[in-house]
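Visitor: 3D model of this:
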Amino acid sequence: MTGLEDIDEVWSVQSSEMVFAGSLLGVRRDTLESTTAGEGPFDRELVTHPGAAAVVAVNDEGQMLVIQQYRHAAKKRMVEIPAGVLDVEGEPPLEAARRELREEGLLEAARWSPLITYQPSAGSSEEIIHIFLAEDLTESALPADFVAEHEEASLTREWVDVEAVVEAVLAGLVQNGLTIAGSLALYARRNANH
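Guide: The predicted structure is shown next:
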């Protein structure tokens, strides 16, 4: 290892095949050339995903906004931060985060900063998640063209102390990856400044 950072590297792909293409996700099989002498090509299946943007919104009291909504794959109403898929063509992650804060948090923020970017499942998915810190908040109405449906129609909102979220994460009570990454990143940033 040359340093504590991920290094860009691309292995040669002999062929690619879309095994499944859904409305959001897909599965692609890539046949890679081995970098080990004498070893033949090998296959890797990966989930194609456009990526996502999420928001840790912090109010004037230092609390963060959490929402709770049903997630069918988990069979739970999960504690989450406002987030959404980068499904608008050409929309930068920050604009997607602003949109999600309006739609899910009913808030606007005057101050934005990058908090953390990560790949939740780099061994099997192309998904990259961008989490932003939103501060100097004001209430906002839903955009006129937005209609909450499905899981979003029953989401709830609550302001919680960051330490309480971190305690719930460490106790295994909050298992949503975005919430884990966002709350721990905010907690680390706050404690690094003290």
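Visitor: give me the most central residue, this protein.
Guide: Taking CA atoms, centre = their mean, the centroid of the chain lies closest to I129, which sits 4.0 Å from it.
Visitor: thinking that one is in contact with H49, fair?
Guide: No: I129 is not in contact with H49 according to CB atoms under 8 Å; the separation is 9.7 Å. For every residue, glycine as well, the C-beta is placed using N, CA and C.
Visitor: so what touches the longest helix seen in the chain?
Guide: When the chain is parsed with DSSP state H, its longest helix is helix 177-192. The contact list for helix 177-192 (CB atoms under 8 Å, 6 or more residues apart in numbering) reads 52, 54-56, 58, 64, 66, 78-81, 83, 115-116, 118, 120, 129, 131, 133, 162-163, 165-166, 169, 174.
Visitor: if we can go back for a sec, what is the residue nearest to the centre of the chain paired to in the beta sheet?
Guide: Per DSSP bridges, residues listed as beta-bridge partners of I129: A52, Y118.
Visitor: now do it, the pLDDT please.
Guide: The per-residue pLDDT reported for I129 equals 97.
Visitor: what's the per-residue pLDDT of H150 here?
Guide: pLDDT at H150 comes out at 61.
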